[in-house]
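Participant: dropping a prediction and its sequence here:
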Amino acid sequence: MADDAPLKLDGSHTVLTPEYVEFTFVLAGLMSRFFAWLIDALVALGITIGLLVAAAALEAVAGGVGEVVGFVGYFLVNWGYMTLLELVWSGQTLGKRIMGLRVISETGVRVSPSQSLLRNLARVVDNLPLLYLVGGLTALFSRSQQRLGDLIAGTIVVRERRLKVPSTLAQPEGDTSLLRDADFRARVARLTQEEEVACFSAALRREELGMEARLTLFSALARRLEDELGLTRPEHLSDEKLVLLVTAALAARNASKRPGRLAAQK
């Protein structure tokens, strides 16, 4: 019951996948988002000051070139810092990473370059008249706590939480030879965030489903995995077993990258 508390206390955003798997993201609170922005603002300010000092030194040597470099550098830092890091770090900036937050699409998938660019370009309006008053008020009254930039780009900011992967998922029973296949692991690594969440959700909740719903769900997931990844499934593996092996491979990969941390889902 303790693990369910955050979802009751914090806002949440629910997504239904094409496989009819429902998963829930815990929305980031306004205070944590403000502190994440403050950290990023201080980092951007430090970079900007460094660029301006370098531009001033260049100005003394090369005249107008230094002024151009300073202007371009200021523009790139203020408009590109957030966008670049969100793309490189899958929806995180330095501030968001420290605060345990992440930007994702409303559909639950990784934020796209166009979405990140749109939400960050809209900061000039969200920041009006000062300290993100417009953005804060918009987020306060929107259903999924979205500022104006998020509403335009179709994104949300979620809070990550630590989740221990059950040993039954990390090491499923029966034949696990596929987990030792490097080609299988490489193919699994190409799955999108939405597909990862669908696999984890199905594997975690399979005991809660009726037999007919369970067979239908894993059949749909297995077909999608085979189509998306070009997997050749051994004949003795059932649909459910294939999904469980894919989930185990994902769990092993995530553990090696960020021990004990998964996306903020349930």
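Facilitator: Yep, that arrived.
Participant: how's this protein carved up into domains?
Facilitator: The chain is divided into the following domains under automatic domain parsing: 26-159, 167-262.
Participant: now do the helices in the stretch 101-250 of the chain.
Facilitator: Counting by DSSP state H, counting those that start in this stretch, the stretch 101-250 of the chain has these helices, from start to end: 113-121, 123-126, 133-141, 148-153, 167-170, 182-188, 193-205, 211-229, 239-257.
Participant: Leu84 is nearest to which of these?
Facilitator: helix 113-121 (8.6 Å; C-beta to C-beta). Yep, even glycine has a C-beta here, placed from its N, CA and C like the rest.
Participant: show me what that closest one is packed up against.
Facilitator: Under the contact criterion of 3 or more C-beta pairs under 8 Å, 6 or more residues apart in numbering; DSSP states H and E, helix 113-121 touches helix 64-88, strand 101-105, helix 148-153, strand 155-159.
Participant: output the domains of the chain as CSV; include the columns mean neighbour count and mean pLDDT.
Facilitator: Shown next, in CSV, are the domains of the chain (neighbours: other C-beta atoms under 10 Å; pLDDT from 0 to 100):
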stretch, mean neighbour count, mean pLDDT
domain 26-159, 17, 90
domain 167-262, 16, 82
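Participant: let's have these in TSV, adding distance to Ser12.
Facilitator: Listed next are the domains of the chain as TSV, based on distance: least, C-beta to C-beta, whole Å:
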stretch	distance to Ser12
domain 26-159	6
domain 167-262	14
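Participant: can I get the helices of the stretch 101-250 of the chain in TSV including distance to Val65?
Facilitator: As requested, the helices of the stretch 101-250 of the chain are exported to TSV (distance: least, C-beta to C-beta, whole Å):
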stretch	distance to Val65
helix 113-121	28
helix 123-126	28
helix 133-141	36
helix 148-153	34
helix 167-170	57
helix 182-188	47
helix 193-205	43
helix 211-229	50
helix 239-257	42
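Participant: nearest to Phe71, out of the ones you listed?
Facilitator: The closest approach between Phe71 and any of the helices of the stretch 101-250 of the chain, judged by C-beta to C-beta, belongs to helix 123-126 at 16.9 Å.
Participant: hmm, who's touching that closest one?
Facilitator: Identification of contacts with helix 123-126 by C-beta atoms under 8 Å, 6 or more residues apart in numbering yields Met82, Tyr132, Val134, Gly135, Thr138, Arg147, Leu148, Gly149.
Participant: follow-up on the earlier one: which among the helices of the stretch 101-250 of the chain is found nearest to Arg102?
Facilitator: It is, among the helices of the stretch 101-250 of the chain and with distance given as C-beta to C-beta, helix 193-205, at 9.8 Å.
Participant: which elements pack onto that closest one?
Facilitator: strand 22-26, helix 167-170, helix 211-229, helix 239-257.
Participant: let's see that with 7 Å instead.
Facilitator: Helices and strands touching helix 193-205, as assessed by 3 or more C-beta pairs under 7 Å, 6 or more residues apart in numbering; DSSP states H and E, comprise helix 211-229, helix 239-257.
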